[in-house]
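Novice: Can you look at this prediction? I've put the sequence above it.
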Amino acid sequence: MVKIRLTRLGSHKKPFYRMIVTDSKTRRNGPFIEILGTYDPLKEPSDIKIDMERAKFWLGKGAQPSDTAKRLMQKAGL
């Protein structure tokens, strides 16, 4: 099954995330199919950038977003 989830980047205590499309069995920072956007929780307000067209494409193909990815997509207006 294909999932939409976050992968962590950044240094210690300075997280930065990418929203990716990946197989559900791969590890968190493992190989992925496509990058959909970014999320920076340290900026005020949080910086969320998502390619809406590609996200809709993958959701239409049956990709299941994680709880956090779903919440971020709703905040971004999807």
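Specialist: Alright, I've got the coordinates.

Novice: Would you mind naming the helix or strand containing the residue nearest the centre of the chain?
Specialist: Centroid check for the chain by Cα atoms, centre = their mean gives Met19 as the closest residue, at 1.9 Å. With elements taken from DSSP states H and E, the one containing Met19 is strand 14-23.

Novice: after that strand, next one along is what?
Specialist: Past strand 14-23, further along toward the C-terminus, the next helix or strand under DSSP H and E is strand 34-40.

Novice: Show me which positions of that next one end up buried.
Specialist: Applying a neighbour-count criterion of 16 or more other Cβ atoms under 10 Å, one finds Glu34, Leu36, Gly37, Tyr39 buried in strand 34-40. Backbone N, C-alpha and C define where each C-beta goes, glycine included.

Novice: Looks to me like Gly10 is in a strand.
Specialist: Yes. When DSSP: H, G, I helix; E, B strand; the rest coil is applied, Gly10 is found to be in a strand.

Novice: Relative to Phe16, how far out is it?
Specialist: Remark: distance between Gly10 and Phe16 (Cβ to Cβ, to the nearest Å) = 4 Å.

Novice: Comparing the two, which residue is more hemmed in?
Specialist: For Gly10 versus Phe16, neighbours defined as other Cβ atoms under 10 Å are more numerous around Phe16 (16 against 12).
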